[in-house]
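Enquirer: output the structure for:
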Amino acid sequence: MFLLLLCRLASAGDNIDYIDLRKGQHAPFSGKLLKNDALAKIIATHNADLEKCNADANYNSQKLKLNLEYKYNVLDSKYTTDIKMYKSMIKIRDQQIKSYVKKERFNKWLAYGGFVLGSATSVAIFYSVAYH
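Expert: Got it, this is the predicted structure:
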(Lines give C-alpha, C1' and ligand atoms only; values in the text may rest on other atoms or scores of the structure.)
Protein backbone atom coordinates (compact mmCIF):
# COMPACT_ATOMS: atom_id res chain seq x y z
CA MET A 1 0.00 0.00 0.00
CA PHE A 2 2.87 2.31 0.78
CA LEU A 3 4.22 1.65 -2.72
CA LEU A 4 0.93 2.70 -4.27
CA LEU A 5 1.10 5.95 -2.36
CA LEU A 6 4.65 6.59 -3.53
CA CYS A 7 3.71 5.79 -7.12
CA ARG A 8 0.81 8.20 -6.97
CA LEU A 9 3.07 10.90 -5.52
CA ALA A 10 5.76 10.31 -8.13
CA SER A 11 3.31 10.55 -11.02
CA ALA A 12 1.65 13.72 -9.68
CA GLY A 13 4.82 15.82 -9.46
CA ASP A 14 6.04 18.14 -6.74
CA ASN A 15 3.10 20.58 -6.66
CA ILE A 16 0.88 18.58 -4.30
CA ASP A 17 -0.86 20.67 -1.69
CA TYR A 18 -2.40 17.78 0.24
CA ILE A 19 -2.94 14.05 0.13
CA ASP A 20 -5.61 11.86 1.64
CA LEU A 21 -4.29 9.62 4.43
CA ARG A 22 -5.94 6.78 6.20
CA LYS A 23 -5.46 5.87 9.81
CA GLY A 24 -2.14 4.09 10.24
CA GLN A 25 -0.53 5.50 7.08
CA HIS A 26 2.62 7.62 7.27
CA ALA A 27 2.82 11.03 5.67
CA PRO A 28 5.44 11.32 2.92
CA PHE A 29 6.26 14.89 3.94
CA SER A 30 6.83 16.94 7.09
CA GLY A 31 4.32 19.59 8.04
CA LYS A 32 0.82 19.90 9.44
CA LEU A 33 -1.95 17.41 8.87
CA LEU A 34 -5.56 18.43 9.19
CA LYS A 35 -8.62 16.35 9.85
CA ASN A 36 -11.55 16.77 7.46
CA ASP A 37 -13.52 18.63 10.13
CA ALA A 38 -10.65 21.10 10.72
CA LEU A 39 -10.22 21.64 6.97
CA ALA A 40 -13.96 22.20 6.58
CA LYS A 41 -13.88 24.69 9.47
CA ILE A 42 -10.96 26.58 7.85
CA ILE A 43 -12.75 26.70 4.50
CA ALA A 44 -16.02 27.80 6.14
CA THR A 45 -14.21 30.49 8.13
CA HIS A 46 -12.45 31.65 4.96
CA ASN A 47 -15.75 31.82 3.06
CA ALA A 48 -17.42 33.68 5.93
CA ASP A 49 -14.53 36.17 6.05
CA LEU A 50 -14.73 36.60 2.29
CA GLU A 51 -18.48 37.25 2.48
CA LYS A 52 -17.92 39.72 5.33
CA CYS A 53 -15.27 41.54 3.29
CA ASN A 54 -17.62 41.68 0.30
CA ALA A 55 -20.45 42.95 2.49
CA ASP A 56 -18.17 45.60 4.03
CA ALA A 57 -16.97 46.66 0.58
CA ASN A 58 -20.56 46.92 -0.68
CA TYR A 59 -21.58 48.85 2.43
CA ASN A 60 -18.67 51.29 2.09
CA SER A 61 -19.36 51.66 -1.63
CA GLN A 62 -23.03 52.43 -1.03
CA LYS A 63 -22.16 54.79 1.81
CA LEU A 64 -19.71 56.66 -0.42
CA LYS A 65 -22.24 56.74 -3.25
CA LEU A 66 -24.96 58.14 -0.98
CA ASN A 67 -22.55 60.70 0.46
CA LEU A 68 -21.56 61.86 -3.02
CA GLU A 69 -25.21 62.00 -4.12
CA TYR A 70 -26.00 64.09 -1.05
CA LYS A 71 -23.15 66.49 -1.80
CA TYR A 72 -24.24 66.69 -5.44
CA ASN A 73 -27.84 67.44 -4.44
CA VAL A 74 -26.71 70.15 -2.02
CA LEU A 75 -24.54 71.78 -4.69
CA ASP A 76 -27.29 71.44 -7.29
CA SER A 77 -29.87 73.08 -5.02
CA LYS A 78 -27.40 75.86 -4.19
CA TYR A 79 -26.70 76.32 -7.90
CA THR A 80 -30.42 76.41 -8.72
CA THR A 81 -31.07 78.89 -5.92
CA ASP A 82 -28.19 81.10 -7.07
CA ILE A 83 -29.49 81.05 -10.65
CA LYS A 84 -32.96 82.11 -9.48
CA MET A 85 -31.48 84.83 -7.28
CA TYR A 86 -29.28 86.23 -10.07
CA LYS A 87 -32.15 86.13 -12.58
CA SER A 88 -34.34 88.10 -10.17
CA MET A 89 -31.50 90.56 -9.54
CA ILE A 90 -31.07 91.05 -13.30
CA LYS A 91 -34.82 91.56 -13.72
CA ILE A 92 -34.87 94.17 -10.95
CA ARG A 93 -31.81 95.87 -12.46
CA ASP A 94 -33.46 95.99 -15.90
CA GLN A 95 -36.62 97.48 -14.39
CA GLN A 96 -34.53 100.08 -12.57
CA ILE A 97 -32.69 100.97 -15.79
CA LYS A 98 -36.01 101.36 -17.63
CA SER A 99 -37.31 103.67 -14.91
CA TYR A 100 -34.09 105.73 -15.11
CA VAL A 101 -34.46 105.98 -18.89
CA LYS A 102 -38.05 107.19 -18.48
CA LYS A 103 -36.97 109.73 -15.87
CA GLU A 104 -34.09 110.82 -18.09
CA ARG A 105 -36.44 111.36 -21.04
CA PHE A 106 -38.80 113.32 -18.84
CA ASN A 107 -35.96 115.43 -17.44
CA LYS A 108 -34.59 115.98 -20.96
CA TRP A 109 -37.98 117.20 -22.21
CA LEU A 110 -38.36 119.27 -19.09
CA ALA A 111 -35.01 120.94 -19.80
CA TYR A 112 -35.95 121.51 -23.47
CA GLY A 113 -39.28 122.96 -22.42
CA GLY A 114 -37.59 125.19 -19.86
CA PHE A 115 -35.14 126.44 -22.48
CA VAL A 116 -37.90 127.12 -25.01
CA LEU A 117 -40.08 128.81 -22.36
CA GLY A 118 -37.15 130.89 -21.11
CA SER A 119 -36.19 131.87 -24.65
CA ALA A 120 -39.76 132.81 -25.47
CA THR A 121 -40.03 134.83 -22.28
CA SER A 122 -36.76 136.64 -23.05
CA VAL A 123 -37.88 137.44 -26.60
CA ALA A 124 -41.23 138.67 -25.29
CA ILE A 125 -39.53 140.92 -22.73
CA PHE A 126 -37.09 142.31 -25.30
CA TYR A 127 -39.98 142.87 -27.71
CA SER A 128 -42.14 144.61 -25.12
CA VAL A 129 -39.27 146.82 -23.94
CA ALA A 130 -38.11 147.70 -27.44
CA TYR A 131 -41.50 148.46 -28.98
CA HIS A 132 -43.60 149.92 -26.15
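Enquirer: assign D20 to helix, strand or coil.
Expert: coil (DSSP: H, G, I helix; E, B strand; the rest coil).
Enquirer: count of neighbours near it?
Expert: 7 (other Cβ atoms under 10 Å). Where you see a C-beta, it was placed from the backbone N, CA and C, and this is true even at glycine.
Enquirer: any idea how far the strand or helix carrying K98 is from the chain center?
Expert: Assigned by DSSP states H and E, K98 belongs to helix 36-131. Its chain's C-alpha centre and that of helix 36-131 lie 20 Å apart, by Cα atoms, centre = their mean, to the nearest Å.
Enquirer: can you spell out which helices and strands pack onto it?
Expert: Packing partners of helix 36-131 (3 or more Cβ pairs under 8 Å, 6 or more residues apart in numbering; DSSP states H and E): none among the helices and strands.
Enquirer: how near is V129 to L33?
Expert: 139 Å (Cβ to Cβ, to the nearest Å).
Enquirer: the two: who's more crowded?
Expert: Shown here are V129 and L33; by other Cβ under 10 Å, L33 has more neighbours (11 against 8).
Enquirer: the closest residue to that one other than its chain neighbours and K41: what is the separation?
Expert: Spatial nearest neighbour of L33, excluding adjacent residues (Cβ to Cβ, 6 or more residues apart in numbering): A27 at 6.1 Å. In this view, A27 and K41 are 21 Å apart by Cβ to Cβ.
Enquirer: same deal with K91?
Expert: Distance of K91 to K41, computed by Cβ to Cβ: 74 Å.
Enquirer: now swap in D56 and tell me
Expert: According to Cβ to Cβ, D56 stands 22 Å off from K41.
Enquirer: over to A111?
Expert: A111 sits 103 Å away from K41, taking Cβ to Cβ as the criterion.
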